[in-house]
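*Asks:* Sequence unavailable; structure follows:
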Ligand code: PGA
């Protein structure tokens, strides 16, 4: 009942030309997939990516947005601007934004409300740091991020959004959480959402992110609560991103 969703977060990579090339390479490779496929270019390459992806099964997302719609906020980009470009998704609260740009659960919550107001599907990121994991605080941290970051919504809004569990120590490090660890935290996130919004939000899709590769995606996707992946480094290469999207071909179950 939860359709798998695999999203590529290109981070600060790809000019317009490179973005177009990558989408052209991806289109035939992922065209037969029943997985929801999303790519998230930097703001400057969104228009080119939307154009290149037109008519294909690839949707486009942004990597951030500001919570106000218009105004004197130099350098910021708002929900209506992203909608205008043809974005359908937006990543909110990525750990790099929390770490380098001062994002908090409070700003995540404002951005989440702004995204929903403009019919963008949020991909809300949560996850503990290495220190927090080693101190045994993983579930406590993730619960706070979910309770504070995702508060004040209607249950039907919660059903449409996507949560990405990304342990900070697994991002860009080559060190993936074990499938069992990822499953444990993702099931806990689902329970936390149900405690906040009721049983029906069992339909909310929850991704895993952090060093996802063609070699580990099938095992992750085999877990009952993992509904997809948010992929950084491996999404910059068409062959490896397509292999992740087409994980069912390698699943031996
Ligand atoms: P990674 O990044 O796949 O390069 O570890 C994941 C992410 O930051 O979303």
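*Replies:* Received it, and whenever you're ready, just let me know what you need. All values derive from a computational prediction rather than experimental measurement. Numbers count the residues shown, from 1 in each chain.

*Asks:* so where's this protein uncertain?
*Replies:* For the chain, the stretches with pLDDT under 70 are 250-253.

*Asks:* Looking at it, what residue ends up closest to the ligand?
*Replies:* The ligand sits closest to residue 232 of the chain, with a gap of 2.2 Å, by C-beta to the nearest ligand atom. No exception for glycine: its C-beta is placed from N, CA and C like everyone else's.

*Asks:* Tell me if I'm right that that residue and residue 174 touch.
*Replies:* No. With contact defined as C-beta atoms under 8 Å, residue 232 does not reach residue 174; the gap is 11.3 Å.

*Asks:* Residue 90 contacts residue 120, correct?
*Replies:* Yes. With contact defined as C-beta under 8 Å, residue 90 reaches residue 120; the gap is 4.7 Å.

*Asks:* Name the residues contacting each of the two.
*Replies:* Shared contacts of residue 90 and residue 120, defined by C-beta atoms under 8 Å, 6 or more residues apart in numbering, comprise 62, 65, 79, 82.

*Asks:* Measure how buried the first one is and give me the count.
*Replies:* Taking other C-beta atoms under 10 Å as the neighbour definition, residue 62 ends up with a count of 24.

*Asks:* Now it: phi and psi?
*Replies:* Main-chain dihedrals, residue 62, degrees, to the nearest 10: phi -100, psi 170.

*Asks:* Any idea what it is bridged to?
*Replies:* Beta-bridge partners for residue 62, by DSSP bridges, are residue 90.

*Asks:* Pick the one among the shared contacts of residue 90 and residue 120 closest to residue 113.
*Replies:* residue 79 (9.8 Å; C-beta to C-beta).

*Asks:* Now do the helices in this protein.
*Replies:* Using DSSP state H, the helices of the chain run over residues 16-30, 46-53, 79-85, 95-101, 105-117, 130-134, 138-149, 155-160, 179-197, 217-221, 238-245.
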